[in-house]
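> Coordinates for the following, if possible.
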Amino acid sequence: MTKNKKTLVLGATVKPEKAAFKAIELLVAKGHSVLALGQNTGEVAGIKINTKAIPVKNIDTISLYLNPTRQRDYYNYIVDAKPKRVLFNPGTENPEFYQLLELNNIKYEAACTLVLLTLNKY
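Sure, this is the predicted structure:
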């Protein structure tokens, strides 16, 4: 099993057909600590979805499931969280945000969390 990587799923949802839902399930199944932030409350794989930005510490990865316009509201939150990396899942790519992350020495990848987990490259 890979090392536990504390992950914040931003754009979490209780809709089983959505990638964010599947990512939470797979992260939990692979033994990672998961925090979830979304528009609506709920629970996925035993993880409570918060609707307000929660203080986070020692975050390894933030997995984004928000379109670039919605990401703007979270720029400062994400930078202040000082994650080791931010994953931009398909459809969330955002060159404007990449520049801000680079200025703050935060790594980022345009990559699918589900694919990385499935290939054990997370």
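> tell me what the longest helix seen in the chain is packed against?
Ranked by residue count, the top helix of the chain under DSSP state H comes out as helix 19-29. The contact analysis (3 or more Cβ pairs under 8 Å, 6 or more residues apart in numbering; DSSP states H and E) places helix 19-29 against strand 7-12, strand 34-38, strand 42-44, strand 61-64, helix 113-118. For glycine as for every other residue, the C-beta is placed from the backbone atoms N, C-alpha and C.
> Would you tell me what the next helix or strand after the third one is?
With elements assigned by DSSP states H and E, the helix or strand that comes after strand 42-44 is strand 47-50.
> buried set for that following strand?
I47, I49 (16 or more other Cβ atoms under 10 Å).
> Just checking: what are the partner strands of that strand?
When sheet partners are counted by DSSP bridges, strand 47-50 sits next to strand 34-38 (parallel), strand 42-44 (antiparallel).
> which of these is buried the deepest?
Mean neighbour count (mean count of other Cβ atoms under 10 Å) peaks for strand 34-38 among the strands paired with strand 47-50, with a mean of 23.
> returning to that earlier point: of all the strands paired with strand 47-50, which lies closest to I78?
I78 lies closest to strand 34-38 among the strands paired with strand 47-50, at 10.5 Å (Cβ to Cβ).
> The closest one: how far from the chain's middle?
Per Cα atoms, centre = their mean, to the nearest Å, the displacement of strand 34-38 from the mean C-alpha position of its chain is 8 Å.
> ok, now stretch 72-82?
The gap between where stretch 72-82 is centred and where its chain is centred comes out at 12 Å by Cα atoms, centre = their mean.
> got the contact list for it?
With Cβ atoms under 8 Å, 6 or more residues apart in numbering as the test, stretch 72-82 has contacts from 8, 10, 53, 56-57, 59, 62, 66, 86, 97, 100-101, 104, 106.
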